[in-house]
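Colleague: Predicted structure and sequence below. I'll ask about it afterward.
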Amino acid sequence: MVDEETAPVVELIFQLCVEGNGPGKIARMLKERSIPTPGTIEFQRTGRTRNYHPDNPCGWNESSISNILEQDAYLGRTTNFKTTKLSYKSKKTIENTPDKWVVFEDTHKAIIDPETWEIVQKAREQRRRPTKMGEMGMFSGLAYCSDCGARLYHCRTASWTHEQECYTCATYRNKKGCSAHYIRAVVLEQLVLQNLQRVVAYAQEDEDEFVRRIMENKMTLQRTEQEKAKRKLEKQERRYNELDTIIQRLYEDHVVGKLSEERFAKLSEGYEQEQAALKQSIEDLSTIVHAAQTQAVNVQSFLKIVKKYTQPTELTPALLREFVEKIVVHAPDKSSGHRVQRIDVHYNFIGEIDFSPEFSRYSKKTTA
């Protein structure tokens, strides 16, 4: 049953995470709002003092917040067999891998919707670092370098104004060969907002056409990935069969005395290791080839988020995290005499949107 007193606190914790706050900061925010901890609530209801701290009744800790953000029971589901024991005599609990879990959907009323859950889990995977001033950039954990794939770091000092804040490639900062991909925070904010405004307007004005174009783009991308995986799979399967023949010949040469025991062991071990690696790769590629055709993009989840908003006029951390999965920043181009910089915005549930050359020029290529 949903606890009507504490359910709003759970919703608040998830919303604060969507807005880009980590468990530690969320814990501090709950304390500042004088929200009692689960241990305090338990004491007030039952008198149990197990997790009650009378000198700090609103002292949330980071691990409690993390645990709440990982509880899929809030989705209205029950997940069994997350842990096991070697035997009924053993007291040691062993964590099971997710493939051994058994999930039962709709066992009770949900507190958190699937879209919010998905956004929070992605945000939790994107580990972010605050600046030396203790601040967290709006795009920290979301912006990536187009060339090396590293994250862009938020740069900020006490003497800088907001207009001077910027993001630079982590690889460049570590002096490992990539260029800076420098972009000012206000410029990145402007580019993403323009992109988001165009996408939201498109989805709101003609929902059916929006869904059709998204699905069309997704299927085109899937076909490309599938063909690439198929070619690689065929090549690896040929090599796997070749290794079978090679290993058989090695064995025959060893039997008739053409190869010493030591030489045979060394060669056969190398080929068998290669074959084992190929076997795993073939299994992975086969999954891609067979799954690509049936994989569907969850456009409706994206539209559900769109319907929560009118046309956005300001980019906030909450708005950004709800819509955007990641932002790829390209190196600036100065060949025209002007500094032009391109960004690619990948949205939650639907990926990157690139409907036409006109759309691409408007939303993703702007003088920085």
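Modeller: It's in. Numbering: from 1, shown residues only.

Colleague: so where's the stretch 151-300 of the chain uncertain?
Modeller: For the stretch 151-300 of the chain, applying pLDDT under 70 flags the ranges 221-222, 288-297.

Colleague: Show the residue spans covered by the strands in it.
Modeller: 152-155, 166-169, 183-184 (DSSP state E, counting those that start in this stretch).

Colleague: Out of the ones you listed, which gets nearest to Tyr347?
Modeller: strand 152-155 (18.4 Å; CB to CB). From N, CA and C alone the C-beta is placed, and that goes for glycine too.

Colleague: helices or strands up against the closest one?
Modeller: The helices and strands touching strand 152-155, judged by 3 or more CB pairs under 8 Å, 6 or more residues apart in numbering; DSSP states H and E, are strand 143-145, strand 166-169, helix 170-173.

Colleague: Mind listing the strands it pairs with, and their directions?
Modeller: Sheet pairing here is set by DSSP bridges, and for strand 152-155 it gives strand 166-169 (antiparallel).

Colleague: Now tabulate the helices and strands packed on strand 152-155 in TSV and tack on mean neighbour count and distance to Gln190.
Modeller: Formatted as TSV, the helices and strands packed on strand 152-155 follow (neighbours: other CB atoms under 10 Å; distance: least, CB to CB, whole Å):
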stretch	mean neighbour count	distance to Gln190
strand 143-145	23	14
strand 166-169	24	13
helix 170-173	18	23
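
Colleague: Can you lay out these as a markdown table showing distance to Asn348?
Modeller: Putting these into a markdown table (distance: least, CB to CB, whole Å) gives the following:
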| stretch | distance to Asn348 |
| --- | --- |
| strand 143-145 | 15 |
| strand 166-169 | 20 |
| helix 170-173 | 23 |
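
Colleague: Out of those, the one nearest Lys232 is which?
Modeller: Using CB to CB, the helices and strands packed on strand 152-155 put strand 143-145 closest to Lys232, at 24.7 Å.

Colleague: So which residues make contact with that closest one?
Modeller: Contacts to strand 143-145, defined as CB atoms under 8 Å, 6 or more residues apart in numbering, come from residues 150-152, 167, 169-172, 178, 181, 188, 326-329.

Colleague: Repeat that for stretch 298-318.
Modeller: Everything outside stretch 298-318 that qualifies as a contact, by CB under 8 Å, 6+ apart, is 15, 18-20, 113-115, 118, 138, 189, 192-193, 196-197, 200-201, 203-204, 207, 210-211, 214-215, 319, 322-323, 347-350.

Colleague: at 6 Å what do you get?
Modeller: Defining contact as CB atoms under 6 Å, 6 or more residues apart in numbering, one finds that stretch 298-318 is touched by 18-20, 115, 138, 189, 193, 200, 203, 211, 214, 319, 322, 349-350.

Colleague: end to end, how far does that stretch reach?
Modeller: 21 Å (CA to CA, to the nearest Å).

Colleague: How far off centre is it?
Modeller: Stretch 298-318 sits 18 Å away from the centroid of its parent chain (CA atoms, centre = their mean, to the nearest Å).

Colleague: Now do the buried residues in it.
Modeller: For stretch 298-318, a neighbour-count test (16 or more other CB atoms under 10 Å) marks Val299, Ser301, Phe302, Leu303, Ile305, Val306, Leu315, Pro317 as buried.

Colleague: Pick the one among those residues closest to Ile41.
Modeller: Using CB to CB, the buried residues of stretch 298-318 come closest to Ile41 at Pro317, 28.7 Å.

Colleague: ok, the closest residue to the closest one other than its chain neighbours to Gly337 distance?
Modeller: Using CB to CB, 6 or more residues apart in numbering and skipping residues adjacent in sequence, the residue nearest Pro317 is Gly20, 4.1 Å away. Gly20 sits 37 Å away from Gly337, going by CB to CB, to the nearest Å.

Colleague: Give me the more crowded residue out of those two.
Modeller: Neighbour comparison, Gly20 and Gly337: the larger count goes to Gly20, with 22 against 6 (by other CB atoms under 10 Å).

Colleague: And the more buried one, its phi and psi?
Modeller: Here is the backbone geometry of Gly20 (degrees, to the nearest 10): phi 100, psi 10.
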